[in-house]
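K.L.:
Following is a predicted model, sequence given first.
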Amino acid sequence: MDKHVLRIFQLETERQCRFAIMAIEDLQKALQTGDIDRIWYSVQTFLVAAGNLSKLLWPSAAHISDRAKELKSSLGVDDSSPLAPRTFRNHFEHFDERLENWATSSKHQGFVDSNVGPSGMISGPDSGDYLRNFDTIKGSITFRGDEYILKPMVDAIVELHLKALTEANKFPWE
């Protein structure tokens, strides 16, 4: 890939990292003030930026996999990165489908959503009836029993941000 084009992809990677970091900073402030809507806005924004990073580094279209390999190589990212999976982004991006699935599969149709607090804070409903939960103790998001701990992703994004910023600011011939 042409170095100029590579720098543009590195710059977009840096931007998505910056957006994810901004969302995490916003989440921390929202947790301090107890602003539930802002907490979920921040979580969703973080997941979208993380999903965009995943798509830049692991595109679903096979014909652009060589570009992605070069981008990953230039940024020191390998396939074991916590940035690769898109499951939690998909839970939020395709929430309509997940809600439909819950409506047709839930035994008791207990419904707990957008909860903020330790897992198990509310007893009674089946784990599949907890749609979105932010565990303030673990720093994790749970969606119908799937748990996603944010720290490994945040750490990977902070590290990638520094690499992408450095690489994107190089001259095209470097």
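P.N.:
On my side now, so go ahead.

K.L.:
what mean pLDDT would you report for the helix or strand hosting residue 29?
P.N.:
Taking DSSP states H and E as the definition, residue 29 sits inside helix 3-33. Helix 3-33 carries an average pLDDT of 97.

K.L.:
show me the residues around the closest residue to residue 144 other than its chain neighbours that make contact.
P.N.:
Distances taken as C-beta to C-beta, 6 or more residues apart in numbering place residue 128 nearest to residue 144, at 4.9 Å, with adjacent residues excluded. Any C-beta I mention is one placed from the backbone N, CA and C, and that applies to glycine too. Shown in contact with residue 128 (C-beta atoms under 8 Å, 6 or more residues apart in numbering): 102, 105, 106, 144, 145.

K.L.:
just residue 67 next, same as before
P.N.:
1, 9, 59.

K.L.:
does it sit in a helix or strand, and which one?
P.N.:
Using DSSP H and E, residue 67 sits in helix 65-75.

K.L.:
okay, now residue 133: neighbour count?
P.N.:
24 (other C-beta atoms under 10 Å).

K.L.:
wait, what's in contact with it?
P.N.:
112, 115, 116, 117, 119, 141, 142, 143.

K.L.:
what about the fifth one, which SS state?
P.N.:
Read it as residue 119. State at residue 119, reduced to three classes by DSSP: H, G, I helix; E, B strand; the rest coil: coil.
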